[in-house]
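Q: My questions concern the predicted model and sequence given below.
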Amino acid sequence: MTGTHRTTFEVTSETHLSPAGTCILGIGADRGAAGLGERFRKALSDDRAKIVTVFTVGGESFAVNGKGSSTMTLDHPTDMVWRRSGYVCGRTVAIHADQIARSFPESMIRRLQDGARMEVEMIVSIPDQDG
């Protein structure tokens, strides 16, 4: 895990990591995009949706803000990807994210490289259209 990618980052349920995976920050996750709860997936598939994801490693936390989209299919069985761009595919769980792999604190990356466990909390909300 290098955490050097400039436009995305990823968490996967796969248990192996290739050196080319510069965006992968977590492996061995308990689900991919397709495994997210139905109610959560429906909310995230709204163009008004906002998503906050908090990553915690060894007591240190890092938050990422992004958006949902009606074009999200959330059907990838192993991967979840947060993107700086508006590109959407079955792995995409957030677009227009305000952080990328390179944004994560080096201390968190080092802990992950040493095999630390990462917890991921995803919170989706749909702002009121009138406000």
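A: It's in. Nothing here was measured: the structure is a model prediction, and the numbers come from that model.
Q: burial of Thr22, as a residue count?
A: 18 (other C-beta atoms under 10 Å). (Glycine included, C-beta is placed from N, CA and C.)
Q: where does it sit relative to Ala49, distance-wise?
A: Look at Thr22 and Ala49: by C-beta to C-beta, to the nearest Å, they are 27 Å apart.
Q: go on, Leu112?
A: Separation of Leu112 from Ala49 (C-beta to C-beta): 27 Å.
Q: Kindly tell me how buried Arg84 is, as a neighbour count.
A: Counted by other C-beta under 10 Å, the residues lying close to Arg84 total 19.
Q: Skipping its backbone neighbours, what lies nearest it in space?
A: Leaving aside its sequence neighbours, Arg84 sits nearest to Thr7 (C-beta to C-beta, 6 or more residues apart in numbering; 4.8 Å).
Q: Got phi/psi on the residue positioned nearest the centre of the chain?
A: The centroid of the chain falls nearest to Trp82 when counting by C-alpha atoms, centre = their mean (4.3 Å). When read as degrees, to the nearest 10, the backbone of Trp82 gives phi -100, psi 130.
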